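Undergrad: Sequence plus the predicted model coming up.
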Amino acid sequence: MKRTIYGLIGYPVKHSLSGVMHNTAFKALGINAEYRLFEIEPGNLEDFLLNPAYKLKDIRGDIFYAKDIAGFNITIPHKIRAREILSKDNSFSNNNPYYVELSGAINTVKRNGSGGSYWNTDSYGFESALENTLKFKPQNNDNALVIGCGGVGRIIISVLSRKDIEMNKIYIYDKSKDAEIDAENHFFRCFLKYPHIKGKLEFITEDRIAEVISQCRLLVNASPSGMGASDECPIPEGLLHKDLFVYDVVYNRETRLVRRARIKCAASAGGLSMLLYQGAYAFSLWVNKPAPVTVMKDALDRKIHKRVDGIR
């Protein structure tokens with residue numbers, strides 16, 4: 001029986017832990033499948049998505065055709081562009097309209113012949129991480145500050161601005177002016193269909209961070225800060241306060257932000273839990289079976305040599 005191939009597309013992808021949890025899950029359920037990592041340069045993304053005969057190599061050097069990959073996750077820098085491409089192709093369906101439209105980003109695709117379906121499972125991942133790992137329960141009139149408004153930042157903003165979560169204000173800062181303008185224009189276009197977000201979102205400049213964070217109960221770092229060797233903190237550490245819950249989407253290390261927030265704030269957590277939960281949801285969509293979440297969590301734990309407290 002032919003082995004089914006799933007994978008991750010991005011540029012780069014060598015740092016990813018997704019293969020660790022997915023391949024362990026396939027083995028645990030006795031599914032004849034394998035998860036591979038594919039580096040797709042931005043200029044080749046449309047060919048990969050729309051041309052079943054597109055030929056590519058995984059990071060091991062093995063050759064595949066796009067049609068051979070039954071389902072895949074999407075990571076930096078392709079989440080927004082992939083949504084733009086697939087939303088214009090009638091052979092692909094949007095099975096997660098609220099989050100896909102409001103964030104403008106996708107991260108999971110399941111192929112069906114020359115077409116397929118797409119979702120943003122990051123939404124489920126972030127919601128689950130907030131509830132199960134950070135133990136953050138939004139209250140009326142809560143404010144949040146989100147650092148970074150790329151593909152991940154936009155899905156976090158979309159989750160926090162949902163009607164039933166009842167956040168008062170979501171402040172947004174990105175040190176890239178271009179990214180900020182793109183995100184601001186995107187959400188402005190969403191106001192007509194999703195009027196409840198109007199008035200909730202406010203883009204701020206760097207000089208307002210100190211003022212804003214003092215009014216917030218939630219801080220989310222959705223930027224690459226902390227990912228590199230310098231381990232820089234996305235905000236001045238002196239602004240952290242005891243009422244603040246801090247979530248950092250960076251998952252390949254415990255960042256300076258998470259370490260400092262553990263001492264100074266109400267709670268803090270890194271992004272491994274979001275990776276786990278979004279991956280588990282994607283897995284269940286691909287194979288039509290519940291994901292073995294505990295097995296996937298244990299695989300991640302073994303890989304990074306530490307426990308991820310609070311993940312259920």
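TA: Arrived safely, thanks for sending. Residues are numbered from 1 along each chain as shown.
Undergrad: Every contact and neighbour count from this point should use C-alpha atoms.
TA: Will do.
Undergrad: So in this structure, which helix runs the longest?
TA: In the chain, assigned by DSSP state H, the helix with the most residues is helix 272-287.
Undergrad: so after that helix, what's the next helix or strand?
TA: Next helix or strand after helix 272-287 toward the C-terminus (DSSP states H and E): helix 293-304.
Undergrad: For that following helix, buried residues please.
TA: By 16 or more other CA atoms under 10 Å, the buried positions in helix 293-304 come out as 293, 296-297, 299-300.
Undergrad: Any chance of those residues in JSON lines with pLDDT and distance to residue 169 as columns?
TA: Shown next, in JSON lines, are these (pLDDT from 0 to 100; distance: CA to CA, whole Å):
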{"residue": "293", "pLDDT": "97", "distance to residue 169": "33"}
{"residue": "296", "pLDDT": "98", "distance to residue 169": "35"}
{"residue": "297", "pLDDT": "96", "distance to residue 169": "33"}
{"residue": "299", "pLDDT": "96", "distance to residue 169": "37"}
{"residue": "300", "pLDDT": "95", "distance to residue 169": "34"}
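Undergrad: what's the closest of those residues to residue 3?
TA: residue 296 (20.2 Å; CA to CA).
Undergrad: Show me the contact partners of stretch 175-194.
TA: 101-102, 104, 148-150, 154, 173-174, 197-198, 203, 206 (CA atoms under 8 Å, 6 or more residues apart in numbering).
Undergrad: do stretch 147-154 as well
TA: By CA under 8 Å, 6+ apart, stretch 147-154 touches 76, 79-80, 102-105, 122, 146, 172-175, 179-180, 183, 219-223, 234.
Undergrad: As CSV, could you dump the C-alpha coordinates of the longest helix of the chain?
TA: This file holds the C-alpha atoms of helix 272-287, laid out as CSV (Å, rounded to 0.1, in the frame of the first residue of the first chain):
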residue,chain,number,x,y,z
LEU,A,272,4.6,25.2,21.9
SER,A,273,1.1,24.7,23.1
MET,A,274,-0.3,26.6,20.1
LEU,A,275,1.8,24.5,17.8
LEU,A,276,0.5,21.4,19.4
TYR,A,277,-3.2,22.3,19.3
GLN,A,278,-3.2,23.7,15.8
GLY,A,279,-1.3,20.6,14.6
ALA,A,280,-3.7,18.2,16.3
TYR,A,281,-6.7,19.9,14.6
ALA,A,282,-5.0,19.8,11.2
PHE,A,283,-4.2,16.1,11.8
SER,A,284,-7.8,15.3,12.5
LEU,A,285,-8.9,17.1,9.3
TRP,A,286,-6.5,15.2,7.2
VAL,A,287,-7.2,11.7,8.5
